[in-house]
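Trainee: Here is a sequence with its predicted model. Questions after.
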Amino acid sequence: MDPTVMLPPRPDRRWTIAKQLGLDTAVVRFWGVDDWWEYDTLQRTVTRFADHGLSLDVVEDRPPMEQTVLGKDGRDEEIATVKTLIENMGRLGIDTYCWVWTENPLGVIRTSDSLPGRGDSQRIGYDHEWMERAPDHEAAGITEDELWENLEYFLDEVVPVAEEYGVNLALHPDDPPTSPVRGVPRIVQSYDDYRRILDLHDSERHGVTFCQGNFSAMAGDTIEAIREFGDRIHFVHFRDVEGDERNFVETWHDEGPTDMKAAIEAYQEVGFDGPIRPDHVPRMVGEQDRDDAMAGYTDMGRLFAIGYIKGLLE
């Protein structure tokens, strides 16, 4: 397993911290970059990371896909862009594309960003009651059957491209993994959903971003899920939550309910040898004034998490 972190496409203090932590692989998200899926932009990004001693192994950003998910006019153009991304990733040796489905159109949803944690750290959380009070989203009304049909249409188009160019498609769960949210069904929110999705294409390239926080919020045994989906896990988000899919709080890596050592052992048992990154860490003292730090992605908590992951691996 390769511990890694999500980084912006240009060097900043986070790149320096990653190298000081002894990391040599990177996950990229293209904050503020237009048409980043084109070859020239991706190529320069790959060499920029390489010049700083980092291998770019995962793209964790997504071209627009809302029309694709909703089955509206314009989806073929969106899918063509995803194909372009996959082709260019293959040409440049970027192994894994982390993508989402019914997070389109809602996105990742949290209802709290300052829940008290140990030592007055601030944690993020979700309480579905607030979404039940919210007005329906403009996409409300689409059915689960339509979402499944649209997903199969998308996979029929992109899985053959991923196979041709040697790129792993790693589907991230809905976050939160509950349905519906503001009137919109979610179809990547249970173990059964993943079984059905993986059965749509029997391809080693069609797999899973195993986000432990989401899987632990689902009904089931997280460690057994690692064993079940092991040969299709391409990427791991190593985190934990207290609660269930309708009401949870992100935890410190060493105080959640999941046996994190058993999780690492399960990844090793199934032969997972890919990138693993911390996700959704608490905000620590002195980080409250950082406007550029998204909730869950502040630096100090990630320092702790990387050290924790390295310790477990040793």
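Mentor: Structure's in. What do you need? Numbers count the residues shown, from 1 in each chain.
Trainee: Quick one, grab the pLDDT at the closest residue to residue 312 other than its chain neighbours.
Mentor: Excluding the flanking residues, the one nearest residue 312 by Cβ to Cβ, 6 or more residues apart in numbering is residue 264, at 4.5 Å. Every C-beta, even on glycine, is put in place using the N, C-alpha and C of the backbone. You'll see residue 264 listed with a pLDDT of 98.
Trainee: for residue 264, what are its contacts?
Mentor: Residue 264 is in contact with 1, 309, 312-313, counting by Cβ atoms under 8 Å, 6 or more residues apart in numbering.
Trainee: can you check residue 3 too?
Mentor: Neighbouring residues of residue 3 by Cβ under 8 Å, 6+ apart: 23, 25, 275-277, 306, 309-310, 313.
Trainee: what sits opposite it in the beta ladder?
Mentor: With DSSP bridges as the criterion, residue 3 is bridged to residue 276.
Trainee: could you pull out the strands for the stretch 101-250 of the chain?
Mentor: For the stretch 101-250 of the chain, the strands defined by DSSP state E, counting those that start in this stretch occupy 112-116, 122-127, 168-171, 206-211, 233-238, 241-244, 247-250.
Trainee: Which one, of those strands, ends up nearest to residue 296?
Mentor: strand 122-127 (5.5 Å; Cβ to Cβ).
Trainee: Leaving out sequence neighbours, find the closest residue to residue 277.
Mentor: Spatial nearest neighbour of residue 277, chain neighbours left out: residue 4 (4.8 Å); criterion: Cβ to Cβ, 6+ apart.
Trainee: The one you found - how many residues pack around it?
Mentor: Neighbour count for residue 4, taken as other Cβ atoms under 10 Å: 27.
Trainee: can you tell me which residues contact it?
Mentor: Residue 4 touches 23, 25-27, 57-58, 275-277, counting by Cβ under 8 Å, 6+ apart.
Trainee: try residue 26
Mentor: Listed by Cβ under 8 Å, 6+ apart, the contact partners of residue 26 are 4-7, 18, 49, 54-58.
Trainee: quick one: low-confidence parts of the chain?
Mentor: The chain contains residues with pLDDT under 70 at 288-295.
Trainee: Next, the angle from the longest helix seen in it to strand 206-211.
Mentor: Longest helix in the chain by number of residues (criterion: DSSP state H): helix 144-165. Helix 144-165 and strand 206-211 are oriented at 110 degrees to each other (axes from the mean of the first three to the mean of the last three Cα atoms, to 10 degrees).
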